[in-house]
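Visitor: predicted model and sequence below, questions to follow.
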Amino acid sequence: MRRTAGAGGRAENKAAAAPAGAAPAVGSGWLVATSHGLWLPDDPRPRRVGWHLVSKATWSGNALAVVEAVEDGTAGDAVVLRDLPARRFPLESPGKVPQVVHERVTGSIKTREHNATVGAWFVQRKVAGRDGVVLQVRPDPGVDVERVREVAASVAAKIARLRD
């Protein structure tokens, strides 16, 4: 099997990263779903967003709306996320892209729970190409992010103790 440099310079197995779905985006290249993530038709060149960093993807009419998350630091072994604004990709011929995107995003989620007391989502997700799961924490808008980080670090430590 051939390996190629992927996003962030990591090696990807070409067979594992083969397209599971692809669709031409109106006026801006292709939207391609692989086992490793969703390739967005960004300018000046496409880039891959790992499934574990797709917070939300919805299909409506002829367009896929994608909310990408970025890592905004850590709290112990937990990763704190921040959502970017939603981006809309009108597709000329969607094929199975909406279905594949839905399957991959939901398939990466192992557990999820909203903690209303702290104001954050706690999500355990599988990261393509890595063993195990990662605890991600997404604070709600307007909450005390430092308090969320404290609780996230505590939760991550408890999870680690349970795994030992």
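Guide: Looks like it came in fine. Just so you know, these numbers come straight off a predicted model, no measurement behind them. Numbers count the residues shown, from 1 in each chain.
Visitor: how far does stretch 111-129 sit from its chain's centre?
Guide: 12 Å (Cα atoms, centre = their mean, to the nearest Å).
Visitor: where do the strands of the protein begin and end?
Guide: 3-5, 11-13, 21-25, 29-33, 37-40, 47-50, 54-60, 63-75, 78-83, 87-90, 109-115, 120-126, 133-139 (DSSP state E).
Visitor: pLDDT (mean, whole number) over the longest one?
Guide: Computed over strand 63-75, the mean pLDDT rounds to 96.
Visitor: by contact count, what packs against that strand?
Guide: strand 54-60, strand 78-83, strand 87-90, helix 97-108, strand 133-139, helix 145-163 (3 or more Cβ pairs under 8 Å, 6 or more residues apart in numbering; DSSP states H and E). Where you see a C-beta, it was placed from the backbone N, CA and C, and this is true even at glycine.
Visitor: could you export these as TSV, including mean pLDDT and mean neighbour count?
Guide: Shown next, in TSV, are those (pLDDT from 0 to 100; neighbours: other Cβ atoms under 10 Å):
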stretch	mean pLDDT	mean neighbour count
strand 54-60	95	16
strand 78-83	98	20
strand 87-90	94	16
helix 97-108	95	18
strand 133-139	97	21
helix 145-163	95	15
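Visitor: as a markdown table, the ones you listed with distance to residue 39 would be great.
Guide: Output for the helices and strands packed on strand 63-75, formatted as a markdown table (distance: least, Cβ to Cβ, whole Å):
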| stretch | distance to residue 39 |
| --- | --- |
| strand 54-60 | 12 |
| strand 78-83 | 20 |
| strand 87-90 | 11 |
| helix 97-108 | 11 |
| strand 133-139 | 21 |
| helix 145-163 | 30 |
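Visitor: compare these and report which one is nearest to residue 20.
Guide: When the helices and strands packed on strand 63-75 are compared by Cβ to Cβ, helix 97-108 sits nearest residue 20, at 4.8 Å.
Visitor: distance of residue 128 relative to residue 95?
Guide: Distance of residue 128 to residue 95, given as Cβ to Cβ, to the nearest Å: 21 Å.
Visitor: is it true that residue 150 touches residue 75?
Guide: Yes: Residue 150 is within contact range of residue 75, at 7.3 Å (criterion: Cβ atoms under 8 Å).
Visitor: per-residue pLDDT, residue 14?
Guide: pLDDT at residue 14 comes out at 47.
Visitor: how about residue 8?
Guide: pLDDT, read off for residue 8, is 44.
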